[in-house]
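> This is a predicted model, with the sequence first.
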Amino acid sequence: MARQMEIEGLSSEMTFAEAGALVVEARAAELLEHSDGVLDTVAIDGVHDMRVATRRLRAALEVFSPCFPKAPHEQLLKEVKSIADALGERRDRDVAIEMLSGFTEAIVRPDRPGIRSLIERYRAEQLEANRDLVPFVAPERIARVESEARALAAAARSSISPSDPGGETD
C-alpha cells in the first residue's frame, strides 16, 4: 500500500499558498517515486500505489487551486486525471484477475475451466491496458508532471506578500 509521504515543514503557521506549494510538491514527488515498476503485471502493487499517488496529487491540486495561476493549474490537473484514468484501466484488470484467481479453487471442479477462461481474457485485457499505459507513465512524462507541479508551487510562493497573508491568486 502506498504510504503517504510526510510533508516536512508543513505547519498551521504558514500561509495557505505556502502550504499548498509544499503539499503539491510532496504529492508530485510521490507520483514520481511510485512510477518505477508500474508496468509489472505480476507485482501489481505498483499500479495501485501510483494510482493512489495520482489521487493524492489531484486532491492537493483541487484543494489548493486558489493558490495557483488558473491556466497552468487546469492543464496539470487535466494531465494528472488522464494518468489516473490510464492507471485505472490497468488496475481494474489486475483486481479482476486477483479476485477470480482466489475464487477458482473454491468453486466446484466443472466450473473451474470457465473461470480460468475468464482469467485468461482479463490477462489479455491487462496486457492491452498495460500497452496503453506506457505513454502515460513514461519517465519523461512523469518528470514533466513533477516539474509543472514545482512551477505551480513557485508561482504560489511568489504570490505571497505581506499585504496578502492568504497568498491567493486570481
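Yes, it's here. Residues are numbered from 1 along each chain as shown.

> did I read that right, residue 9 in a helix?
No: counting by DSSP: H, G, I helix; E, B strand; the rest coil, residue 9 is not part of a helix but coil.

> In space, what's closest to it - neighbours in sequence excluded?
Spatial nearest neighbour of residue 9, excluding adjacent residues (C-beta to C-beta, 6 or more residues apart in numbering): residue 22 at 6.2 Å. For glycine as for every other residue, the C-beta is placed from the backbone atoms N, C-alpha and C.

> Please report how far the one you found lies from residue 148.
Distance, residue 22 to residue 148, using C-beta to C-beta, to the nearest Å: 16 Å.

> higher neighbour count, those two?
residue 22 (21 against 18; other C-beta atoms under 10 Å).

> Just the pLDDT for the more buried one.
pLDDT, residue 22: 96.

> residues of the longest helix along the chain that come out buried?
When the chain is parsed with DSSP state H, its longest helix is helix 70-104. Going by neighbour count (16 or more other C-beta atoms under 10 Å), the buried part of helix 70-104 is 73, 76-77, 79-80, 83-84, 86-87, 89-91, 93-94, 96-97.

> Spatially central residue (nearest the centroid) of the protein, please.
residue 54 (1.6 Å; C-alpha atoms, centre = their mean).

> for residue 60, what are its contacts?
20, 23, 24, 27 (C-beta atoms under 8 Å, 6 or more residues apart in numbering).

> So it versus residue 24, what's the distance?
5 Å.

> Repeat that for residue 98.
32 Å.

> Regarding the residue lying farthest from the centre of the chain, what is its secondary structure?
Distance to the chain centre peaks in the chain at residue 110, reaching 40.7 Å (criterion: C-alpha atoms, centre = their mean). Here residue 110 is helix, with the state taken from three-state DSSP.

> rewinding a little: of the contacts of residue 60, which pair is most distant in space?
The largest separation in these, counting by C-beta to C-beta, is between 20 and 27 at 10.6 Å.

> pLDDT below threshold where in the chain?
1-3, 161-170 (pLDDT under 70).

> Would you confirm that residue 127 contacts residue 41?
Yes: using C-beta atoms under 8 Å, residue 127 is in contact with residue 41, at 6.8 Å.

> Tell me the spacing between residue 7 and residue 28.
12 Å.

> So for these two, which sits in the more crowded spot?
residue 28 (26 against 16).

> in what helix or strand does the more buried one lie?
Using DSSP states H and E, the element containing residue 28 is helix 16-33.

> Tell me the helices and strands packed up against that helix.
Contacts defined by 3 or more C-beta pairs under 8 Å, 6 or more residues apart in numbering; DSSP states H and E place helix 16-33 against helix 45-63, helix 139-158.
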